[in-house]
Every structure is written in C-alpha cells, then in structure tokens.
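> using only what follows, build the 3D model:
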Amino acid sequence: MKVDIIGDIHGCYDELIELLTKLNYSFQDGIPIHPDGRKIAFVGDAMDRGPHSLRVIDLLFRLQDRRQLIYSPGNHCDKLYRFAKGNNIQIKHGLETTVAEIHALNPNEQQHFLKRYKDFYEDLPLFVKLDEGNLIIAHAGIREGLIESKNRKKVRSFVLYGDTTGEQLPNGRPVRKDWAQSYSGKPFIVYGHTPVLKARFLNHTVNIDTGCVFGGRLTALRYPEMEIEAVPSSLPFTSDRFTHFE
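Numbers count the residues shown, from 1 in each chain. Reported below is the predicted structural model:
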C-alpha cells in the first residue's frame with residue numbers, strides 16, 4: 001500500500017492544498033486523486049486555531065462519503081464532537097476559531113454541519129492500522145502494549161492526548177512523557193499532536209506535526225518510501241509552541 005500521511009492541519013486549508021499539489025494530487029469532483037493510485041491519510045486535528053477549519057472538514061466529509069477517508073482523530077476532533085453534541089465545554093484552546101466559523105453559517109447550515117460532524121466522528125476508529133498491521137497512524141502515538149488492548153478508555157486517552165503525567169506546565173499545557181524514546185514495537189507508528197520543528201524519526205516512529213498553524217510547516221510522510229514532503233506555513237512563527245527534544 002502506498003499512502004501519503006499528513007500531519008496536524010489545524011485549519012490551514014491553503015497549505016493542505018499546496019501540499020497535496022506538491023505530492024502530485026489533482027482534484028476530480030472535489031476529491032484529491034493521485035495518478036499512481038496513492039491514498040491520503042491524516043494524523044488528526046484537522047480543525048481549530050487556523051483560518052479555514054470548515055473547508056478542511058468539508059474535504060474530509062467528501063472523502064468519507066466516497067469511503068476513501070483514512071483518519072486518526074485527535075483531541076481537537078474529540079472536543080468539536082462534544083461541542084456538536086451540545087455538551088458543556090470550554091470554547092478555548094483553538095476551538096473558538098472553529099465555533100466562530102460555524103456561527104457564521106445560517107441556522108439551517110449550522111444544524112446540518114453539526115449533525116454531519118457527529119456522524120463523521122462516530123464513524124472514526126481510535127487509530128488506524130494499515131499494511132497488514134505494519135503501519136499504525138495514531139494522533140498522539142501509541143505504546144506497543146496498547147495496540148491490541150481491549151481497554152478502550154485507556155487507548156482512547158493515550159491516542160488523543162499522549163502519555164500525560166497529570167501535571168501542567170506554567171503555560172497551562174499538560175506535561176507529556178516522550179513515549180517514543182522507549183517504543184520497541186514492530187509496527188511503524190506515525191503520529192502528531194506535539195509540534196516539532198521537523199519530522200522526528202525515533203525508534204520506528206515518526207512525529208509529523210511540524211506546527212503549520214504556529215508558523216512551521218505542513219508535513220507529509222510518503223509510505224513505504226519513508227520520504228518527507230513539506231510546505232511552509234503562511235502564518236506567523238510562534239517558537240514557544242514547539243517541543244525541542246534532547
């Protein structure tokens with residue numbers, strides 16, 4: 001299987017189209033098609049913070065309708081789902097940008113979008129297995145011991161939020177362990193969630209969230225070639241949003 005896996009988009013629709021073009025996709029009836037039959041996959045968090053979340057989500061809807069969607073949902077996907085259900089949640093940490101786009105729609109369009117998004121999210125797996133289990137896409141990663149786990153709650157927490165300690169940094173963000181440092185599983189894990197300045201390969205894993213919405217880049221991993229393609233962000237660079245590993 002040949003697949004191009006795209007990192008956290010966060011509403012950066014223009015960069016997504018630029019990256020797909022660089023990867024040699026063209027649009028037919030609103031669907032990106034590759035001349036060599038390659039597929040597109042996503043590590044999640046398509047929305048929030050950036051300028052065009054609904055345009056990105058609309059593309060995902062179209063892919064899902066054609067049964068061509070390969071998507072591992074992230075924490076922002078989950079929070080928008082809870083908003084769509086009417087749960088009492090805090091509209092911050094980027095969700096406010098998506099909510100503003102939704103509120104700009106007319107009431108009928110808002111109702112239709114929220115219902116469609118609920119259906120969209122409920123059809124997603126917690127993480128994606130491809131290439132006979134040799135490739136796994138999980139938004140925040142996954143430890144080898146969780147890959148076959150029946151503990152859905154524990155798996156869900158890890159793949160959405162990462163290996164958190166329960167502590168918080170001074171800026172309010174959670175403290176996360178560097179789970180990839182000790183990963184020794186056979187499947188190759190592609191993940192995002194924690195912005196890094198460039199794709200980080202470590203122990204049969206790669207983090208491809210290169211912080212497009214924070215002025216970095218939007219990155220794709222070409223599998224099985226293990227080649228990186230990226231396009232620069234059009235947004236201002238915010239250095240403190242990137243993790244600098246030892």
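> what about residue 60, neighbour count?
19 (other CB atoms under 10 Å). Where C-beta positions appear, they are placed from N, C-alpha and C, glycine not excepted.
> pLDDT weak spots in the chain?
166, 168-174, 246 (pLDDT under 70).
> can you map out the helices along it?
13-22, 53-65, 75-84, 95-103, 107-122, 152-161 (DSSP state H).
> helix 53-65 and the longest one, what's the angle between them?
Relative orientation of helix 107-122 and helix 53-65, computed by axes from the mean of the first three to the mean of the last three CA atoms, to 10 degrees: 60 degrees.
> can you tell me what sits against helix 107-122?
54, 57, 60-61, 64, 73, 77-78, 80-81, 84-85, 102-103, 105 (CB atoms under 8 Å, 6 or more residues apart in numbering).
> among those residues, name the buried ones.
For the contacts of helix 107-122, burial is judged from neighbour counts taken by 16 or more other CB atoms under 10 Å, and it is met by 54, 57, 60-61, 64, 73, 77-78, 80-81, 84, 102.
> so which of those would you say is closest to residue 136?
Of all the buried ones among the contacts of helix 107-122, the one with the least separation from residue 136 (CB to CB) is residue 73, at 14.1 Å.
> thinking again about what came up before, and the two most separated of the contacts of helix 107-122?
64 and 103 (23.8 Å).
> could you pull out the strands in this protein for me?
For the chain, the strands defined by DSSP state E cover 3-6, 26-28, 31-33, 39-42, 128-130, 135-137, 164-168, 174-176, 188-191, 200-202, 205-207, 217-223, 227-232.
> would you turn those into a markdown table with distance to residue 146?
Shown next, in a markdown table, are those (distance: least, CB to CB, whole Å):
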| stretch | distance to residue 146 |
| --- | --- |
| strand 3-6 | 20 |
| strand 26-28 | 37 |
| strand 31-33 | 31 |
| strand 39-42 | 20 |
| strand 128-130 | 13 |
| strand 135-137 | 10 |
| strand 164-168 | 14 |
| strand 174-176 | 15 |
| strand 188-191 | 11 |
| strand 200-202 | 18 |
| strand 205-207 | 14 |
| strand 217-223 | 21 |
| strand 227-232 | 26 |
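> and the ones you listed: which comes nearest residue 244?
That would be strand 200-202 among the strands of the chain, by CB to CB, at 10.5 Å.
> pull out the buried residues from the closest one.
For strand 200-202, a neighbour-count test (16+ other CB under 10 Å) marks residue 200 as buried.
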